[in-house]
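>>> coordinates only, no sequence provided:
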């Protein structure tokens, strides 16, 4: 186990395959204890206790945003060897169950919700890295759908070519993060590692109307 893997495990990540991970969401834990639920439950009826927070692109991103809380100094621009979508989803589900089964030893849990949490119904691809760098993302979305699960995909919008593929393989909901109001501020605070990225974001925003459920996710930073 290398230093990076140790660090991620210490932070609560459960690694799957070569480039993916899950991390149990705060709202999932709260929901299992009968406390609060996240906005996805309030807005869309998605049960927070049955939601997997996952990444298919750990440490792979083309931006170095000033506000990012991850270790952006090790960002890569590609996934070296890609894992199979079916095996990744199997891994997401298995690791989520392992992460939550300890709650059976707690007194203050909603037993019904905990039992249901062992059969996840939703995957939020939003944990770390740029999701659209995984070239088999359409196949993963279709595998999630095939199993009767729903999916939310969060992207920084810098890969419109992948979004064009997702138009024909749609997630339940797509989020495009808009981190700045114009190119000048974007270049200053997001520090892209690739050229012409702002133009690609604008191209991606034009594709939103082709999705059944598409959302612009605004990043608001003081100052």
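Here it is on my side, so go on. The structure presented is a predicted model; accordingly, all values stated were derived computationally and were not measured.
>>> so which residues of this structure form helices?
Here the chain has its helices, by DSSP state H, at 3-10, 26-32, 39-44, 85-100, 111-117, 137-146, 160-167, 183-190, 197-207.
>>> can you tell me which residue is spatially central in the protein?
Centroid-nearest residue in the chain: residue 126, 1.7 Å away (criterion: Cα atoms, centre = their mean).
>>> specify the beta-bridge partners of the nearest residue in space to it that is not next to it in sequence.
Residue nearest to residue 126 in three dimensions, not counting chain neighbours: residue 154, with 3.8 Å by Cβ to Cβ, 6 or more residues apart in numbering. Where you see a C-beta, it was placed from the backbone N, CA and C, and this is true even at glycine. Beta-bridge pairing of residue 154 under DSSP bridges involves residue 175.
>>> what's the neighbour count on residue 154?
When neighbours are counted by other Cβ atoms under 10 Å, residue 154 registers 21.
>>> likewise residue 151?
22.
>>> quick one: contacts for it?
122, 123, 124, 125, 141, 144, 145, 171, 172, 173 (Cβ atoms under 8 Å, 6 or more residues apart in numbering).
>>> could you measure from it over to residue 107?
To residue 107, residue 151 is 34 Å away according to Cβ to Cβ, to the nearest Å.
>>> list the contacts of residue 7.
Contacts of residue 7 (Cβ under 8 Å, 6+ apart): residue 71.
>>> relative to residue 74, how far out is it?
Using Cβ to Cβ, residue 7 is found at 10 Å from residue 74.
>>> adding distance to residue 16 and mean pLDDT, write the helices of the chain out as TSV.
Converted to TSV, the helices of the chain look like this (distance: least, Cβ to Cβ, whole Å; pLDDT from 0 to 100):
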stretch	distance to residue 16	mean pLDDT
helix 3-10	11	84
helix 26-32	17	95
helix 39-44	22	91
helix 85-100	4	97
helix 111-117	18	96
helix 137-146	12	98
helix 160-167	21	98
helix 183-190	28	95
helix 197-207	27	97
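>>> many thanks, I have nothing further to ask.
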